[in-house]
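Colleague: Got a predicted structure plus its sequence, pasted below:
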Amino acid sequence: MALGFSGDVAEYYAEFRRGYPPEALDALQGAFVLGADDVVLDLGCGTGQMAVPLASRVGWVIGMDPEPDMLRLAREEAARGDVRNATWVLGADSDVPALGGLLAQRRLAMAVIGQALHWMDHQELFRTLARMVRPGGGVAVVANGTPLWLQDSQWSRSLRACLEERFGEIRADSCGTAASDRVRYGQALETAGFEDVHETVFAYRERLSLDRLIGGVYSAIPADKLPGPDARPAFAEQIRRSLPEEQYVTEDVTVSVLVGRMR
């Protein structure tokens, strides 16, 4: 089922969503001893921010997403990088069992979900994946920073107030990045039969131009609520006026890699 990240929203997502730092990819590779014979699934792959760089570390990547426009842009990004060991599949978490035919009796070395698990039935998904991964393989849940409007800074609070003025009250949904979410997901992994469940955290500081910040906001607004092209300059100016006069804001990014392995 599509989630509204189509059309222009998908384009903003491809251009402005941050990628995953190499340390996160290193953690995934080390956790499951990924190599040239392994097949991995990036579920909720978006426009390929995880799947494309991961492809150079494994035998094959399956990128799966419910939005056709996301997959189109992921396919284009893979082509630009001459990535030939990736398959792009239209589907949601409920479609994962159907991947059995595509795998041709092979097992996954890893299923990774990056900043998308909050859209899924994670308990049922973990039970399904427990039957699909190889011994020593498993599941990784990667959180790639707190949403721009929920951070502990003055500019973030000002941004949230601006967005609420436009769209109404915004739920304090952390998109799976809060500590309580990580605990909940870890417990669900253990319940599904995964072992050695643990989290690795990386933190860094980044300067965001206001253009990149606004593009990041546009990438998170469902397509049916995104202002039309003619209205976007005025909306962008409204966001700019709500923020500090500087041309940049400083963002503290925390990346969490939560993994669970099968014996």
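Modeller: Cool, got the structure.
Colleague: Run through the strands of this structure in chain order.
Modeller: In the chain, the strands defined using DSSP state E lie at 39-43, 60-65, 86-90, 108-114, 133-144, 195-209, 248-261.
Colleague: Need those strands in TSV (columns: distance to G215).
Modeller: In this view, the C-beta of every residue, glycine as well, is placed from N, C-alpha and C. Compiled in TSV, the strands of the chain are given as follows (distance: least, C-beta to C-beta, whole Å):
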stretch	distance to G215
strand 39-43	22
strand 60-65	20
strand 86-90	23
strand 108-114	19
strand 133-144	16
strand 195-209	9
strand 248-261	13
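Colleague: Among those, which comes closest to G168?
Modeller: Ranking the strands of the chain by distance to G168, with C-beta to C-beta as the measure, places strand 248-261 first at 23.8 Å.
Colleague: of the strands of the chain, which approaches V52 most closely?
Modeller: The closest approach between V52 and any of the strands of the chain, judged by C-beta to C-beta, belongs to strand 86-90 at 7.2 Å.
Colleague: list the buried ones in that closest one?
Modeller: By neighbour count, with 16 or more other C-beta atoms under 10 Å as the criterion, the buried positions of strand 86-90 are A86, T87, W88, V89.
Colleague: Just want the angle from that strand to strand 60-65.
Modeller: What separates the directions of strand 86-90 and strand 60-65 is an angle of 20 degrees, with axes from the mean of the first three to the mean of the last three C-alpha atoms, to 10 degrees.
Colleague: re earlier: looking at the strands of the chain, which is closest to F16?
Modeller: For the strands of the chain, proximity to F16 was assessed by C-beta to C-beta; strand 195-209 is nearest, at 9.6 Å.
Colleague: Give me the neighbour count for the nearest residue to E190 once chain neighbours are set aside.
Modeller: On the basis of C-beta to C-beta, 6 or more residues apart in numbering, the spatially nearest residue to E190 that is not a chain neighbour turns out to be V197, at 5.4 Å. By the other C-beta atoms under 10 Å criterion, the neighbourhood of V197 contains 18 residues.
Colleague: circling back: could you dump the strands of the chain into a markdown table and include distance to G7 and mean pLDDT?
Modeller: Putting those into a markdown table (distance: least, C-beta to C-beta, whole Å; pLDDT from 0 to 100) gives the following:
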| stretch | distance to G7 | mean pLDDT |
| --- | --- | --- |
| strand 39-43 | 22 | 98 |
| strand 60-65 | 15 | 98 |
| strand 86-90 | 16 | 97 |
| strand 108-114 | 22 | 97 |
| strand 133-144 | 23 | 97 |
| strand 195-209 | 24 | 96 |
| strand 248-261 | 26 | 96 |
